[in-house]
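>>> one predicted model, sequence on top.
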Amino acid sequence: MRRLRRIKILATLGPASSDSATIRKLFEAGADLFRINMSHTSHDKMREFVTTIRNIESNYGRPIGVLVDLQGPKLRLGSFADGAIQLNNGETFTLDGNPEPGDRNRVQLPHPEILQALKAGHALLLDDGKVRLIVEDATGDRAITRVAVGGRLSDRKGVSLPDTDLPVSAMTSKDRADLEAALEAGADWIALSFVQRPDDVIETKKLVRGRAAVMAKIEKPQAIERLAEIIDVSDALMVARGDLGVEMPLERVPGLQKQMTRMAKRAGKPVVVATQMLESMIMSPVPTRAEVSDVSTAVFEGADAVMLSAESAAGKYPVEAVATMNRIGEEVERDPTYRSVINSQRAEPEATAGDAIADAARQIAETLDLSAIICWTDSGSTALRVARERPKPPVVAITPRIQTGRKISLVWGVHCVVAEDARDLDDMVNRACRIAFRDGFARSGQRVIIVAGVPLGTPGATNMVRIAYVGSDDSDL
């Protein structure tokens, strides 16, 4: 099951992909890891998904990551006496704490902490931005607004607050229950929604206690303002373009996507580009040309992964969507301009032994045209450092820990093999060569470069490179 592309594919599971046969087809079509969205999934169904993925993993002998996406705080209006109203530009409309059904003049906003945080001039975006209100006066228990963009408004529509620093945690009571259930089921990644500040990620990591890696979803303007701090405390980043495009001008999103991708790569943290990548494939067996270009942009940027949401979770063509994304990735990476684009974005290595070794390994491998870079890694940090360099040769990560293999299934270009830890340096070199031969990364007589930490099994101690020949007897593994 060796992939012929470096970028990874994250596929969301849902009603269209809930049975084991379809999930298996998604994996065979190119999905490297799977997302379970807790906004629409019960604990029992989530556990069923994880069990199915683990069965497929054992059948194919390739680590498959599981990402559980927490819902986060959902802000919604109350209800209307007639079920819906029509707001016109320039009208005055009030949001308050009164639980009585609303009318054309007012409606409940059942979040007192939000009413207290609103200030004059703040915008409120209702129903995914279809209706826009501007606060003219806020007294703590009510906000009088002017309708800037009118439209029809019905019960329980969502509320976005691009200008307001929400005085709420990114973790709700539902999220805490979902998190514990996900960790008990063996999730590898936890995606945290509506992150505003680094403290949101730190709070979640304290609850996780190292049992999974934490991915910060960037979908609020407040997170953009503190992006460097959020990246620093997160294990990975998701460019969640859907909500980001609601709360910010749409024309800013492409530039922010590039900035976030490059900042995460510079920090050596995996980055996922998500939302509406092949949206038309929810209903159509083929994507639009614009969607193909959108996915291609993420591949050219060197993102670690691209994500399918409703396309694989609820669409008519989930397997075709994954196969299409797989073909796009392969074709872009074969393009003659791909390598020059990737090389032009490479950041200087950090002033650490591990990053210096990873940079040196890339340079040696490319200068000598070596067949592969083989990383022995316990925690995954060696593979992450090498992948940060976006090398031309393929990267093979060998780890004794299946949990590490599942986690780095998200990382650009890394083919992971779970194997018993090396006994000594000679065993490490010999088995690296045999695995490279077995999995088709090197032929007899070719050379590979091996990167590891010595003493063996010491997390984060990347300090050794070695060039080795793949012998003719390496097929005996």
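Nice, I can see it. Numbers count the residues shown, from 1 in each chain.

>>> now for the helix or strand harbouring E184, which elements pack on it?
Using DSSP states H and E, E184 falls within helix 173-185. With contacts defined as 3 or more CB pairs under 8 Å, 6 or more residues apart in numbering; DSSP states H and E, helix 173-185 has these neighbours: helix 43-60, strand 65-69, strand 189-192, helix 198-208. Quick note: C-beta positions are derived from backbone N, CA and C, even for glycine.

>>> now that helix: buried residues?
175, 178-179, 181-183, 185 (16 or more other CB atoms under 10 Å).

>>> now render the helices and strands packed on helix 173-185 as CSV, adding mean neighbour count, mean pLDDT and distance to I23.
Below are those laid out as CSV (neighbours: other CB atoms under 10 Å; pLDDT from 0 to 100; distance: least, CB to CB, whole Å):
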stretch, mean neighbour count, mean pLDDT, distance to I23
helix 43-60, 16, 97, 5
strand 65-69, 26, 98, 11
strand 189-192, 26, 98, 17
helix 198-208, 18, 97, 25
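
>>> is the closest residue to V299 other than its chain neighbours part of a helix or strand, or is it coil?
Among residues not flanking V299 along the chain, V332 sits closest, at 4.1 Å (CB to CB, 6 or more residues apart in numbering). Secondary structure state of V332, per DSSP: H, G, I helix; E, B strand; the rest coil, is helix.

>>> these two touch, right, V332 and R339?
No. Here V332 lies out of contact with R339, judged by CB atoms under 8 Å, at a distance of 11.0 Å.

>>> show me how this protein divides into domains.
The record's domain parsing of the chain by automatic domain parsing lists 8-72+169-335, 84-160, 353-476.

>>> including distance to N343, could these go into CSV?
Output for those, formatted as CSV (distance: least, CB to CB, whole Å):
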stretch, distance to N343
domain 8-72+169-335, 10
domain 84-160, 38
domain 353-476, 8
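
>>> rank these by pLDDT, which is bottom?
Lowest mean pLDDT within these: domain 353-476, a mean of 91.

>>> if we can go back for a sec, and the domains of the chain: which comes nearest Q345?
domain 8-72+169-335 (6.0 Å; CB to CB).

>>> pull the distance from the helix or strand containing E136 to the chain's centre.
Using DSSP H and E, the element containing E136 is strand 131-138. Distance of strand 131-138 from its chain centroid, counting by CA atoms, centre = their mean, to the nearest Å, is 33 Å.

>>> give me the next element, helix or strand, following it.
Downstream of strand 131-138, the first helix or strand assigned by DSSP H and E is strand 142-149.

>>> what pairs with that following strand, and is each one parallel or antiparallel?
strand 92-96 (antiparallel), strand 131-138 (antiparallel) (DSSP bridges).

>>> for P110, see how far away I408 is.
42 Å (CB to CB, to the nearest Å).

>>> these two: which is more packed in?
I408 (31 against 16; other CB atoms under 10 Å).

>>> for the more buried one, what are its contacts?
Neighbouring residues of I408 by CB atoms under 8 Å, 6 or more residues apart in numbering: 63, 377, 380, 383-384, 397, 399, 414, 416.

>>> specify which member of those is nearest to V208.
G380 (15.9 Å).

>>> residues near that closest one, how many?
27.

>>> and if you look at E348?
Quick note: E348 (other CB under 10 Å) scores 8 neighbours.

>>> more neighbours, V332 and R339?
Counted by other CB under 10 Å, V332 and R339 do not tie: V332 has more neighbours, with 21 against 13.
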